[in-house]
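Participant: coords please:
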Amino acid sequence: MADDSIGHLLRRAGFGASSDDRAAFARLSYGAAVDRLLNYHLIPDDVDAKIGQAGFVGMTSNGRFSPNTVISDARQRWLFRMVHTNRPLQEKMTLFWHNYFATGYTKVSGVGQQDGVRLMAGKASEDPRGQNGQIELLRDNALGSLADLLTRIATDPAMLVWLDGNTNTKQKPQENFGRELMELFSRGVGFYTEQDVYAAARVFTGWNLRTDRGIGDGNNAYNFVYNANLHETAAKTFSFPIYSNGDATIPSRSATEGMQDGLDLIAALALHPETAHRVVQKLYGFFVSETVPAPVSLINQLSLIYRRTGSSIAPVVQAILLSPQFTDPSTYFTRYSWPVEYVVRSLKETGWTGFSLASTLTPLVNMGQQLFEPPDVAGWDLGPSWFSTGKMLARMNFASTLASNQKFRLATAAAPANASAQALLDFMLAKMTPADARGMYGDLLAYANTGAWTGSTTQLQARASGLAHLILGSPGYQFL
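Facilitator: Sure, this is the predicted structure:
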């Protein structure tokens with residue numbers, strides 16, 4: 001078997017490999033490829049400037065393309081980044097955090113549809129009020145420390161709307177954020193009590209949202225504000241230590257100093273052993289396997305790295321990508337592909353000439369994943385749950401649409417392989433890399449060999465497109 005370690009790396013730590021991606025990584029050793037992915041800050045983030053240019057996947061908008069104010073445009077822009085970015089691991093980790101801190105546009109848009117898009121996906125550099133959306137926050141901190149990210153997400157305007165932090169006051173403490181901070185964002189179920197939830201709600205009283213109304217342009221600015229007069233100043237006691245000396249009580253503070261309560265709680269949770277175990281388990285599931293448990297020794301090793309580096313994510317991801325559990329060829333194509341991963345990889349491997357990302361939005365909904373709209377605070381149900389009969393049918397229908405759309409491009413690319421049906425099939429399998437190429441080789445060859453082989457342009461268009469449809473819709477292509 002040919003060495004597919006770089007291909008495996010790009011499927012898991014990115015979204016698959018286009019011909020340009022293969023060229024960029026072709027001469028790198030595996031270790032150098034991991035370093036390139038991790039050190040993406042050394043590579044310019046200029047992908048958004050390519051939107052609308054020839055040679056890149058297209059987008060369709062009802063009017064002027066406006067990803068800062070139109071949610072379908074925002075979804076297309078993120079998909080565009082996944083297809084064309086030179087920083088695939090950054091985009092992959094942004095998707096990971098989007099599921100981890102699951103925040104839904106429908107509720108956030110309660111502030112107004114356009115402002116809701118800005119809170120979710122806006123870019124400050126393109127926004128008249130300098131509003132950065134949550135996705136930019138996640139992207140900017142994709143491999144940073146969880147402690148920093150938790151602090152930033154606690155003050156993120158979209159999160160404040162999503163979990164009702166904008167209504168959290170000492171007169172009426174709001175429990176949603178405090179509960180999810182402990183249950184989903186740090187230690188996990190079973191490691192907190194209902195009294196902890198109530199204490200956490202009081203910790204974050206006064207962590208609210210300020211709205212600066214737009215004058216003339218109609219664009220509102222939304223920013224975190226600490227309202228000292230709305231903060232509960234009494235001591236808050238938890239069932240677990242908050243401080244290094246073992247003290248479980250956040251002391252009474254003056255209202256002006258009360259924001260420190262939340263910072264102390266976040267710091268305690270971020271570095272807690274259960275948080276370390278939970279986060280590295282999540283990362284293992286994302287990069288290695290959602291269904292095969294990680295060895296205890298590996299989780300302990302990763303947890304130690306996490307805690308020694310002050311909750312830094314980059315060294316944990318590096319250790320996973322270099323681990324035997326990740327690099328073992330027996331683990332190739334064993335991770336269930338999320339719908340977004342499936343669609344983006346299909347485009348990167350099949351092509352996108354004349355294709356619009358707008359054509360992916362409804363299929364993605366039918367496959368079970370709509371960007372900026374996780375089903376609830378726990379995120380999407382991963383693994384085999386992606387593959388109900390209806391969701392798999394949606395994948396096959398998308399495969400048919402894309403393959404038909406790309407028949408001319410595929411025929412042109414396959415022209416050097418027009419000597420025989422087998423040559424065409426070998427070309428397509430090298431291009432599209434399904435999991436079980438050997439197992440379905442005979443059936444695919446029988447299809448390609450239907451009728452007399454001529455190698456004509458018309459035949460290449462039909463057979464290359466047909467093979468693409470069969471490969472993209474095959475069971476083996478649904479795994480990374």
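Participant: packing partners for the helix or strand encompassing residue 200?
Facilitator: Here residue 200 sits within helix 194-203, counting by DSSP states H and E. Helices and strands touching helix 194-203, by 3 or more Cβ pairs under 8 Å, 6 or more residues apart in numbering; DSSP states H and E, are helix 176-183, strand 236-237, helix 259-270. The way it works is simple: take the backbone N, C-alpha and C, and place the C-beta from them, glycine included.
Participant: can you pull out the strands in the stretch 201-350 of the chain?
Facilitator: Using DSSP state E, counting those that start in this stretch, the strands of the stretch 201-350 of the chain run over 207-212, 221-226, 236-237, 249-250.
Participant: hmm, back to that, just the residues contacting the helix holding residue 200, thanks.
Facilitator: Contacting residues not belonging to helix 194-203 are listed as 168, 170, 173-175, 177-179, 181-182, 232, 234, 236-240, 250, 261-262, 265 [Cβ atoms under 8 Å, 6 or more residues apart in numbering].
Participant: now do the contacts for the residue lying closest to residue 45 once chain neighbours are set aside.
Facilitator: In this structure, residue 45 finds its nearest non-sequential neighbour in residue 87, 6.2 Å apart by Cβ to Cβ, 6 or more residues apart in numbering. Shown in contact with residue 87 (Cβ under 8 Å, 6+ apart): 40, 43, 45, 47.
Participant: what's the weakest-modelled helix or strand in the protein?
Facilitator: helix 19-25 (a mean of 88; mean pLDDT, DSSP states H and E).
Participant: mind listing what's buried in that helix?
Facilitator: Buried residues in helix 19-25, counting neighbours by 16 or more other Cβ atoms under 10 Å, are found at 21, 24, 25.
Participant: name the nearest residue to the second one, sequence neighbours excluded.
Facilitator: Put plainly, it is residue 24. residue 86 (7.6 Å).
Participant: got TSV for the contacts of residue 87, with secondary structure and distance to residue 7 too?
Facilitator: Listed next are the contacts of residue 87 as TSV, based on DSSP: H, G, I helix; E, B strand; the rest coil; distance: Cβ to Cβ, whole Å:
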residue	secondary structure	distance to residue 7
40	helix	19
43	coil	20
45	coil	24
47	helix	22
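Participant: got a quick ChimeraX command for the buried subset of those residues?
Facilitator: The ChimeraX command for the buried members of those (criterion: 16+ other Cβ under 10 Å) is given here:
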select :40,45,47
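Participant: closest one of the contacts of residue 87 to residue 307?
Facilitator: Proximity of these to residue 307 (Cβ to Cβ) peaks at residue 40, which lies at 24.5 Å.
Participant: now that closest one, nearest residue through space, not along the chain?
Facilitator: Nearest residue to residue 40, sequence neighbours excluded (Cβ to Cβ, 6+ apart): residue 87, at 3.8 Å.
Participant: any idea how far residue 288 is from that neighbour?
Facilitator: Remark: distance between residue 87 and residue 288 (Cβ to Cβ, to the nearest Å) = 21 Å.
Participant: list the buried residues of stretch 126-145.
Facilitator: Neighbour-count burial for stretch 126-145, counted by 16+ other Cβ under 10 Å, picks out 127, 129, 131-139, 141-143, 145.
Participant: typed the wrong thing, it's stretch 109-122
Facilitator: Within stretch 109-122, the residues that qualify as buried are 109, 111, 114, 115, 116, 117, 118, 119, 120, 121, 122, counting by 16+ other Cβ under 10 Å.
Participant: mind listing what the closest residue to residue 223 other than its chain neighbours touches?
Facilitator: Computed as Cβ to Cβ, 6+ apart, the closest residue to residue 223 that is not its neighbour in sequence is residue 210, at 5.1 Å. With contact set as Cβ under 8 Å, 6+ apart, residue 210 has these partners: 222, 223, 224, 225.
Participant: give me the neighbour count for the last one.
Facilitator: Under the neighbour criterion other Cβ atoms under 10 Å, residue 225 is assigned a count of 16.
Participant: do the same with the third one
Facilitator: Neighbour count for residue 224, taken as other Cβ under 10 Å: 17.
Participant: any figure for the gap between the residue lying closest to it once chain neighbours are set aside and residue 222?
Facilitator: Closest residue to residue 224 apart from its sequence neighbours, by Cβ to Cβ, 6+ apart: residue 155 at 3.8 Å. Using Cβ to Cβ, residue 155 is found at 11 Å from residue 222.
Participant: more crowded one of those two?
Facilitator: Using other Cβ under 10 Å, the more surrounded residue of residue 155 and residue 222 is residue 222, with 24 against 19.
Participant: what residue ranges in the stretch 51-200 of the chain score low on pLDDT?
Facilitator: The stretch 51-200 of the chain contains no residues with pLDDT under 70.
Participant: could you redo the last one with a cut-off of 90?
Facilitator: Low-confidence segments of the stretch 51-200 of the chain (pLDDT under 90): 126-131.
Participant: quick revisit: so is the residue nearest to residue 24 in a helix, a strand, or just coil?
Facilitator: Secondary structure, DSSP: H, G, I helix; E, B strand; the rest coil: residue 86 is coil.
Participant: you'd agree it is up against residue 43?
Facilitator: Yes: counting by Cβ atoms under 8 Å, residue 86 touches residue 43, with 5.0 Å between them.
Participant: residue 394: which of the buried residues of helix 19-25 is nearest?
Facilitator: Using Cβ to Cβ, residue 21 comes nearest to residue 394 of those, at 26.1 Å.
Participant: quick one, what contacts that closest one?
Facilitator: When contacts are counted by Cβ under 8 Å, 6+ apart, residue 21 touches 10, 14, 88, 348.
Participant: burial count for the last one?
Facilitator: Residue 348 is flanked by 25 other residues according to other Cβ under 10 Å.
Participant: what of the third one?
Facilitator: The local packing of residue 88 (other Cβ under 10 Å) involves 25 other residues.
Participant: contacts only, for it.
Facilitator: 10, 13, 14, 15, 21, 37, 82.
Participant: mind checking which of those are buried?
Facilitator: For those, a burial check counting by 16+ other Cβ under 10 Å picks out 10, 13, 14, 15, 21, 37, 82.
Participant: ok so, going back, for the residue nearest to residue 40, give its distance to residue 227.
Facilitator: To residue 227, residue 87 is 38 Å away according to Cβ to Cβ.
Participant: isn't residue 181 up against residue 270?
Facilitator: No: taking Cβ under 8 Å as the definition, residue 181 is not a contact partner of residue 270, at 10.0 Å.
Participant: thank you, goodbye.
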